[in-house]
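Trainee: what would the 3D arrangement of this be:
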Amino acid sequence: MRVKTELIAWHGKEAIFSVDVQPNISGQPHRIATAGLDTNVRVWKLDNENKCFKFLSNLQRHDKAVNIVRFSSRGDLLASAGDDAVVIIWKLSEVEENIKFLDEVKNVETWAALKTLRGHLEDINDLRWSSDDSQLITGAVDRTAILWDVEKGTSLKVFSEAKHFVNGVTLDPLKHYAVTMSSDRAMRVYNLRKKKLFQTVTKMKPLDLNGTALKKSNGCDDNTAKETTTAEQGKTNKSEEKMMRMFHDETVVRRRLSFTHDGKVLVVPAGCVHFVDGDKKPTKTVNAVLLFSRHNFCKPFAYLPGLKDPPSLVAMCPVLFKNRKSKEENNLNLDYRYVFAVASTDDILLYDTETKKPFGFISNIHYSSITDLSWSYDASFLMVSSRDGFCSMIEFDENEIGVPYVAEKSPTKAEQATNQQDNDQQEETGAGSEERIGGEEDDERGGEENMDINNTIATEVSSESDEDEMMETDDIAPTSSAVQKDDNDAKEKKQYKKITAVPNPCLDATKAQEAVPLEGGSPAKVPRRITPIQVADNPTPAAASSSQLSNTPKKTPRRVNLITIAK
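Mentor: Below you'll find the model as predicted:
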């Protein structure tokens, strides 16, 4: 790890408030954008061969200081905002402009203002793109956070629940939540689908000296508890359950929080963890970074101490890394680990989710306070900006942070559908035509296969013992006698269906008798077939005598009608 501070006039002698590295775009240079007190946004190119920065373009549209600049997730757009309460979205243009930002330097490339978003009344402190670049959220001094529609250039929702300056905003990569942090020592979580406040997080229980939360007990043994009065117990429980603020006050100007790139964990700066002694008296307060699960924003599941000053900036590394240890030893029990940088006014710490201690520490690299952090797309360097007017680059050697993690390729929907069709065809081919008519026997005899599938699911999802799994499968598997009985019933039903499924209704008496099941059951209901069968028992119409024909003149047309109906 090496720290290199470029001695160039990034923004003259003015302070630099923000820096951001462009995501990788094939065929384009490695760009870095900076913004500062001089009201300008400047784009630079990193020369990988000489490891130096070259000027590309100067973007002039803001009237006041620019506090934040961010590339979009795809990297083709650039958003900037500042004290003029305006958000400008820039896009690289093919039209060349001969504009000089100094006496001799011209713009190498042109960035044109694509859209201008107006809605805030005062200074904008922070902004963040959505994962698909369709939305943008901003937080400002006017105590509001605005969710923008980038394509239409209009505001979707104004969140005005904050009671102080909104200093940090972020969007869930899964587009379910928006989170803001303000100087009123609160973190607010909003539901993006309903566009409403979901949760406000302000306090947490203090920890004892061992780092565990206090339990809801009166702190005394059984004998002492019997002697205390109800009022004293109420006071004791109230004091023990007292909640304490988990965020710092308005002295922390920046509170730039961030989700991990898969949205599972929310990393929040400006945290303070309170500790108490055995008498429940406050002993110390530790500056920390708080980690929240997306499934529970009520309280953090972990805190990371290590900074003497309150942390104010969090920058997530876009690359996932393999675990150095086994999966069970990982704090989050994941196949990979997140890496992120945390900065206070003077110090920078590098953390991962495998251990609680930082694996990197950088300090005293600037004369003034640190204002922003940004990782490169390949995690090869980390950019740092400062109020002293300079930017530093923290370089990492190959695999110094770790080996990048490559997720296993999951089958696509088309592949899953193809595999399912193949399985269905194999099942139909192996079952036979007669077994597929009934259908009940397949379901009964498939108990053993279903039992194997249930065993596999229980092994992957549940963490119970093997004995519990065997108990579950025993309940699922049918007994041998039950299977044999069901098989006999299925055979009877299939035999009945095979005989009665003949489409010709003109059956003779012999076939009509065969329609009865062999081992019991209800006989076939063929009331209309009996009449033509009984008439058909005569050898031939010509064999009857003339007297019989004269006595029964109505039988002949009745037979014709029945034969016609049978057709």
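
Trainee: any low-confidence regions in the stretch 201-350 of the chain?
Mentor: Counting by pLDDT under 70, the ranges of the stretch 201-350 of the chain that qualify are 210-241, 326-331.

Trainee: same question for the stretch 351-500 of the chain.
Mentor: In the stretch 351-500 of the chain, residues with pLDDT under 70: 408-500.

Trainee: one more time with 50, if that's ok
Mentor: Counting by pLDDT under 50, the ranges of the stretch 351-500 of the chain that qualify are 430-483, 485, 490-500.

Trainee: likewise the stretch 1-150 of the chain?
Mentor: 103.

Trainee: strands of that one, start to end?
Mentor: Listed in chain order, the strands of the stretch 1-150 of the chain (DSSP state E, counting those that start in this stretch) span 2-5, 16-21, 31-36, 41-47, 52-59, 66-71, 77-82, 86-93, 110-118, 124-129, 135-140, 145-149.

Trainee: and residue 316, which of those strands is closest to it?
Mentor: For these, the distance to residue 316 is smallest for strand 124-129, at 11.5 Å, taking C-beta to C-beta. For the C-beta atoms, the positions are set from N, CA and C on the backbone; glycine is no exception.

Trainee: so which residues make contact with that closest one?
Mentor: Identification of contacts with strand 124-129 by C-beta atoms under 8 Å, 6 or more residues apart in numbering yields 67-68, 70-73, 79, 81-83, 85-87, 135-141, 165-171, 254, 256.

Trainee: and the angle from that strand to strand 110-118?
Mentor: Between strand 124-129 and strand 110-118, the angle comes out at 110 degrees (axes from the mean of the first three to the mean of the last three C-alpha atoms, to 10 degrees).

Trainee: rebuild the strands of the stretch 1-150 of the chain as TSV, extending it with mean neighbour count and distance to residue 353.
Mentor: Converted to TSV, the strands of the stretch 1-150 of the chain look like this (neighbours: other C-beta atoms under 10 Å; distance: least, C-beta to C-beta, whole Å):
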stretch	mean neighbour count	distance to residue 353
strand 2-5	12	24
strand 16-21	24	22
strand 31-36	26	27
strand 41-47	21	28
strand 52-59	18	32
strand 66-71	26	24
strand 77-82	25	29
strand 86-93	19	33
strand 110-118	16	35
strand 124-129	24	21
strand 135-140	26	25
strand 145-149	22	27
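
Trainee: can I get the ones you listed in CSV with distance to residue 376?
Mentor: Listed next are these as CSV, based on distance: least, C-beta to C-beta, whole Å:
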stretch, distance to residue 376
strand 2-5, 13
strand 16-21, 5
strand 31-36, 9
strand 41-47, 8
strand 52-59, 13
strand 66-71, 12
strand 77-82, 16
strand 86-93, 19
strand 110-118, 20
strand 124-129, 17
strand 135-140, 23
strand 145-149, 27
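
Trainee: so which of those gets nearest residue 265?
Mentor: Judged by C-beta to C-beta, the one of those that comes nearest to residue 265 is strand 124-129, at 16.1 Å.

Trainee: list the neighbouring strands of that closest one plus their orientation.
Mentor: Strand 124-129 has these partner strands in its sheet, going by DSSP bridges: strand 135-140 (antiparallel).

Trainee: okay, angle between the partner strand and strand 86-93 too, please.
Mentor: Using the same axes, to 10 degrees, one finds that strand 135-140 and strand 86-93 are set 140 degrees apart in direction.

Trainee: strand 135-140 versus strand 77-82: what angle between them?
Mentor: If you take the same axes, to 10 degrees, strand 135-140 sits at 10 degrees to strand 77-82.

Trainee: what's strand 135-140 in contact with?
Mentor: 79, 81, 85, 87, 89, 117, 120-130, 145-150, 156, 165-171, 175, 178, 180, 182.

Trainee: ok, which of the strands of the stretch 1-150 of the chain comes nearest residue 362?
Mentor: Nearest of the strands of the stretch 1-150 of the chain to residue 362, taken as C-beta to C-beta: strand 2-5 at 6.3 Å.

Trainee: so in that sheet, which strands flank that closest one, and in what orientation?
Mentor: Here strand 2-5 has these sheet partners by DSSP bridges: strand 391-395 (antiparallel).

Trainee: name the residues that touch the partner strand?
Mentor: Here strand 391-395 makes contact (C-beta under 8 Å, 6+ apart) with 1-6, 10, 16, 19, 34, 51, 348, 362, 365-366, 380-386.

Trainee: residue 402 contacts residue 317, correct?
Mentor: No. Residue 402 is beyond contact range of residue 317, at 10.1 Å (criterion: C-beta atoms under 8 Å).

Trainee: these two - which one has more neighbours?
Mentor: Neighbours around residue 402 and residue 317, counted as other C-beta atoms under 10 Å, are more numerous at residue 317. The numbers are 22 against 19.
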